[in-house]
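Visitor: The sequence isn't on hand, but the structure is:
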Ligand SMILES: Nc1ncnc2c1ncn2[C@@H]1O[C@H](COP(=O)(O)OP(=O)(O)OP(=O)(O)O)[C@@H](O)[C@H]1O
Ligand SMILES: Nc1ncnc2c1ncn2[C@@H]1O[C@H](COP(=O)(O)OP(=O)(O)OP(=O)(O)O)[C@@H](O)[C@H]1O
Ligand SMILES: [Mg+2]
Ligand SMILES: [Mg+2]
């Protein structure tokens, strides 16, 4: 129990940000917080954010351990596209839906393995290693779809995004399950320790007997798998595989989410839960911007301002300042 | 004798050059026209802006940072120039000075944020990228042609090379930038500070380096180069457009890394980045000369060639590390107990 | 013991620090400490591990902000905003860990921030020339244009000192400068420091070697638990009293090492036997026998290749000649994991680069090797981890409020102890220790030596590399002497005396080069 | 290895492969070249003007007989087209016009009228709602893309004539299905339920996403909310046939074959073609949708 409280305490900045972002949403769209049940599924603004945020949540879940090893995975957006294309092409070619889904996940695994190989065995700098797949992979996805949007009608595949489980949209359930599983995997085993050790000091870790290559490889494989799952959701959502645009620039969202979640790009400590919160913060901000009714030319500037505010709020330089401000406010209150 | 020139510093550069020459030879064997001065001149002109970006990026990366905003700053510069010259009728020279100053200030802001907020450069510059691109779109969503006599003269200025080739002014600016960047990085005190900062920011500070000022200057320089690249691009196209340079930051980073500069900072140089830029240009030129690749095969080919290049470069480095000259006496670094700033060798690296 | 003549009128005070205080979250590392430095004196700053010596230095140079206190130089109050500011005030320091930049050349490291220029550009040739000349004063004849990373810790240490000496106008601060130097180099350094003192420089000297304190310094300031214990003239402070000041209690019986050999001389089949083990360009073929319940010591000059023998024995480097026989079977070690599986442990010499995992807690650092041995799947339960960590913190007297503190917040000596704990937790059959007592204070030093003897008596095989010859002589059953990256002899039994080891090392001392 | 025998070599600098429509244009360019015995040098610029300039320069260096250029932006072509002209290589613009004082730089432009496309959509909507009050939401393409301003402008012009039509919200769907869906979801949440009468999307892909969003909100697209979009990709015809969409304005993807014919004719009789060969912007409604779908589905 105390562990849970400890985690929540550690996640205070992220929770505060999320609350703030949700507040803006309430302001922009009154009734945002309403929840209603219809045909056994919950509807409402909060559910929308969870639902729309599911792919980036998944990407962030995969990205967090990668970043903790002082790496980065630029190819996740492209893996989404490839996995989606594989699944769509699969069902359209008459493959049974479970097989198509398995094939898509396996594709993600293979992509991750490739990245892991380049980073762990060939020792390429992660940003270049994954850049290779980022560039070539889009082409591979397009090769599968021939540049079109491969639509499909297989109901089970569509249900990956449209289905409902326990009153929640399936993507939300999948993302939360994946986050939970990953959290369990890293914290109930020693993987988390190894990831953080390798990310902080690979030389010491190797000398202490940690199989650094395996750890490095594994995080990329996992990231690939999560990306494939995200790709399935994105594909099922529009009932078609859009190799040209699926996952485009989402790698940046995922990295941002992880950083907002408090993981340093210089490796070391990471938290799956806070990364998920980071993804939700991003999605909430995005939703607010989309719904605000402002001209779309402003979107980027708004996004920049919001992220800048987040950065300032998270900066260690800002903490004492904030504390002083709070103290002064309290003093004033006391005096009044 | 060679030992003086082939050491752990120059080896990656050498490997890069070797691979470039090999690729060029292979291309030329297939398409003899590619040997002509015309294609070479085009290679310089068409990649001038990328080269200038790469100079700035090299400095930032050597300092241990990264700048994702350069493409957006370049785009913003082109629109701003178009607005100033075309809309406000400002003389180009003044407009150039203005955007350069603006670029420098923008970069200083980035540097200040990186230093004072202790935020990772990756995220700060990503935010800066949103901001610059957003501002560019606010200035104009349309592309604005620039009609200005002085502009036309500048844009058209070129040295004729034999064989129909031209060494244009923008190509010249790029070459000059590389030269200046090289001198700055390898010949000045500032350059030494940049290397120190990238080697270990904390140690550099303990050795008396003002890391804050250096960080700010480094980013200011990079954005200044991005603004210069914007000027060059606007000369190149005689217009301004907000979406110019989308994704170019990744090309610049790739060029820098291919050139042997470590993303972990502290090791590298602009000469390698120059080759890196040329290699990327060459890959695209070859694909165009081939002309049979579909859109998707184009991407696959770019990725594969990039990989092939990096693989060969690694191979050269690994092989020469293993069978190269024996360690310099008893003080040769022992491979696994010393931090080895040998290029490309750093397994995990901070972006 | 050199006894510097005390001048009749005390020389002018160069630097006076009053009430320096540094508060870390949970630790008051320094609590109202005063320090007075006079021109032309060498001032020893002493104290146990974690006493606050390095912290005091960090405050003097502005490397860390202070929470209270004033610093005056020549009567003028200064407020260095960082080491750069301190240098402008005439203060230069060599920090405990080498803080040079391995990616730069030696000369660039020496002149960073003040490179000689010509036409606004760095004058490289002159810089390299000046650098080489500067280093020659320290007995180093090296090419200053080569990357710093080409050189050993010892050389780097000397380079760092050279830089600081060249920078310091009034005050020179040296935090454990001799930790990785050997006798000859220490002598060179001392000669130089004495010259500088005579030229009027004030020098702060931190060390755990009491011999050096008495050989070199004029005055002593002792810290304990972040507080000032006192300032005394070296000549007037007897050794035992000094130790008592540092420890806060009278020292226990033997503060000096007597030879305590193993109960029975090693015999029978060794646990590990290296036969002609070696690797091209790393270290020449050497033989070694490691018996359970016995200590094999390794002695040699810096750069003689002792560390490299350990690297081969632990699989950090793969041997390309000879064979390694463990439990009577030939084995090939491809990685440290192979060695750990055989029950080996290895405390490396460079604790910052190869030892600690800085971002992680003391607990995580202690359990890391054991956990790696168990594999990722069989995680040590948190309760067991805490228990282990607390056990070793107590056993080795690691000074920390609790096991969850990040390890980099420990003082250098305490980090070293935590690393020892990491390997003890795996309960190894063979423990390889490379400079286990480097940077360890007097009290802890004896404790560690006792611990090693204890481990040996409980049947562990030990391979100990140490530059402290007395220490090696004290607990070793055999001593492997290395020279120029090749074995140069093996001493056994009663032949092991400090003098014999020195003789073996120095057999052809003239060949010892610069590095 | 070009220019052997009598066959023409044509270089085609395509913008990229960002959508199904674009893929169809490329496919038709290839097929058309094959049918006419033309060797096609194809270059994908990946959305970048600089890559297009590089490609054109490479084409010139290779000495192709003609160049097709689908410009990613309207300005900035004078220099490189001047080089082509100097090398006597005719250039035909596809898809989009360019902004240049010197129209001699290119032979002709085979494009639609993108403002007109917006107008057609707007006029159709005005006719459809017949004086009823109608709150319209607009899903734009990528902010800054050259089509966007025109398609918006034309549409606004057309609905300005009808005071009962109000454009209440506009947001960018970046020309993609996924974003179109997300934006439409936002519109449906932000506006009072049932108050949106029509949606206009700058391309069909975004509309297909929007249709899904409307359905998932429990409304009937095509009935509860009218739809009109641009491009005429097969999937929108399918949606129309299913009764989920109301109208699309076709942007014919066969620009390249038209250009080949113009080029061949020009080489034969050297009579310069008109400067602008406009492709029709034809509006399709559900009545013909099934047939049109069948006709197109293999084309893409
Ligand atoms: N950054 C920090 N945060 C918290 N505590 C710290 C930090 N740095 C040092 N300390 C603590 O301050 C105390 C003094 O440390 P310091 O490094 O000054 O000791 P020292 O006397 O130099 O020891 P040693 O002889 O081992 O080098 C120690 O208890 C250490 O744990
Ligand atoms: N951890 C290290 N730090 C610095 N240099 C090292 C290290 N390990 C190996 N070397 C290199 O190997 C050479 C051999 O010196 P090394 O210090 O390893 O020998 P040694 O006999 O073990 O000396 P020491 O007394 O320092 O342990 C050095 O000159 C240096 O270049
Ligand atoms: Mg210390
Ligand atoms: Mg050693």
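Guide: Okay, I see it. Since this is a predicted model, take the numbers as computed values, not measurements. Numbers count the residues shown, from 1 in each chain, chains lettered A, B, ... in the order given. Ligands and ions are numbered 1, 2, ... in the order given.
Visitor: Who are the contact partners of residue 188?
Guide: Using chain A here. Applying Cβ atoms under 8 Å, 6 or more residues apart in numbering or on different chains to residue A:188 gives the contacts residue C:379. All C-beta atoms are positioned from the backbone trio N, CA, C, and that covers glycine.
Visitor: wrong one, I was asking about chain B
Guide: Residue B:188 sits next to C:120, C:121, C:122 when contact means Cβ under 8 Å, 6+ apart.
Visitor: pLDDT value on it, please?
Guide: Predicted confidence (pLDDT) for residue B:188: 94.
Visitor: how near is it to residue C:153?
Guide: 31 Å (Cβ to Cβ, to the nearest Å).
Visitor: again with residue D:178
Guide: With distances taken as Cβ to Cβ, residue D:178 is found 56 Å from residue C:153.
Visitor: Looking at the two, which one has more neighbours?
Guide: residue D:178 (25 against 21; other Cβ atoms under 10 Å in any protein chain shown).
Visitor: Surely that one touches residue A:241?
Guide: No: contact criterion Cβ atoms under 8 Å: residue D:178 and residue A:241 do not qualify, at 11.0 Å.
Visitor: Neighbours of the residue of the stretch 201-336 of chain A found nearest ligand 1, how many?
Guide: Nearest to ligand 1 in the stretch 201-336 of chain A, going by Cβ to the nearest ligand atom, is residue A:316, at a distance of 13.4 Å. Applying other Cβ under 10 Å, we find 9 other residues in the vicinity of residue A:316.
Visitor: do the same with residue D:274
Guide: Counted with other Cβ under 10 Å, residue D:274 comes out at 9.
Visitor: so what secondary structure elements neighbour the helix or strand containing residue D:24?
Guide: In this assignment (DSSP states H and E), residue D:24 forms part of helix D:20-35. Contacts defined by 3 or more Cβ pairs under 8 Å, 6 or more residues apart in numbering or on different chains; DSSP states H and E place helix D:20-35 against strand D:9-14, strand D:39-44, helix D:255-269.
Visitor: hey, which of those is tucked in deepest?
Guide: strand D:9-14 (a mean of 26; mean count of other Cβ atoms under 10 Å in any protein chain shown).
Visitor: Could you spell out the sheet neighbours of it, each with its direction?
Guide: strand D:39-44 (parallel), strand D:66-69 (parallel) (DSSP bridges).
Visitor: now the angle between helix D:255-269 and that strand, please.
Guide: Angle of strand D:9-14 versus helix D:255-269, following axes from the mean of the first three to the mean of the last three Cα atoms, to 10 degrees, is 150 degrees.
Visitor: how far away is residue C:394 from residue A:52?
Guide: Counting by Cβ to Cβ - residue C:394 and residue A:52 are separated by 53 Å.
Visitor: out of these two, which sits in the busier spot?
Guide: Neighbour count, other Cβ under 10 Å: between residue C:394 and residue A:52, residue A:52 has more, with 25 against 9.
Visitor: re earlier: would you convert the contacts of residue B:188 into TSV that also reports neighbour count and secondary structure?
Guide: Listed next are those as TSV, based on neighbours: other Cβ atoms under 10 Å in any protein chain shown; DSSP: H, G, I helix; E, B strand; the rest coil:
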residue	neighbour count	secondary structure
C:120	9	coil
C:121	15	strand
C:122	21	strand
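Visitor: ok, residue B:174 touching residue B:53?
Guide: No: using Cβ under 8 Å, residue B:174 is not in contact with residue B:53; the gap is 9.8 Å.
Visitor: Those two: which is more packed in?
Guide: residue B:53 (36 against 27).
Visitor: Surely that one touches residue B:252?
Guide: Yes: using Cβ under 8 Å, residue B:53 is in contact with residue B:252, at 4.3 Å.
Visitor: list residues touching both of these two?
Guide: B:70, B:71.
Visitor: circling back to that earlier point, tabulate the strands paired with strand D:9-14 (JSON lines), appending distance to residue B:80 and mean pLDDT.
Guide: Putting the strands paired with strand D:9-14 into JSON lines (distance: least, Cβ to Cβ, whole Å; pLDDT from 0 to 100) gives the following:
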{"stretch": "strand D:39-44", "distance to residue B:80": "30", "mean pLDDT": "94"}
{"stretch": "strand D:66-69", "distance to residue B:80": "27", "mean pLDDT": "96"}
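Visitor: Which among the ones you listed is found nearest to ligand 2?
Guide: Of all the strands paired with strand D:9-14, it is strand D:39-44 that lies closest to ligand 2, at 51.5 Å by Cβ to the nearest ligand atom.
Visitor: In the stretch 401-515 of chain C, what residue lies closest to ligand 4?
Guide: Going by Cβ to the ion, ligand 4 is nearest to residue C:434 of the stretch 401-515 of chain C, at 5.7 Å.
Visitor: can you give me the strands in the chain?
Guide: Unless you meant another one, I'm taking chain A. For chain A, applying DSSP state E gives strands covering A:35-38, A:41-44, A:149-151, A:164-165, A:168-169, A:240-242.
Visitor: that answer is for a different chain, and I need it for chain D
Guide: Assigned by DSSP E, the strands in chain D fall at D:9-14, D:39-44, D:66-69, D:91-95, D:108-111, D:134-140, D:165-172, D:198-201, D:226-231, D:247-250, D:276-278, D:283-284.
Visitor: what about residue A:106, neighbour count?
Guide: When neighbours are counted by other Cβ under 10 Å, residue A:106 registers 16.
Visitor: any idea of the pLDDT on it?
Guide: Per-residue confidence (pLDDT) for residue A:106: 97.
Visitor: List the buried residues of whichever strand or helix holds residue B:171.
Guide: Assessed by DSSP H and E, residue B:171 sits inside helix B:169-187. Residues B:169-174, B:177-178, B:181-182, B:184-187 are the ones in helix B:169-187 that count as buried (16 or more other Cβ atoms under 10 Å in any protein chain shown).
Visitor: Same question for stretch D:109-117.
Guide: Neighbour counts using 16+ other Cβ under 10 Å place D:109, D:110, D:111, D:112, D:113, D:114, D:115, D:116, D:117 of stretch D:109-117 among the buried residues.
Visitor: Now look at it and say if it contacts chain B.
Guide: No: using Cβ under 8 Å from any Cβ of the partner chain, we find that stretch D:109-117 stays clear of chain B, coming within 12.5 Å at best.
Visitor: Lovely, talk soon.
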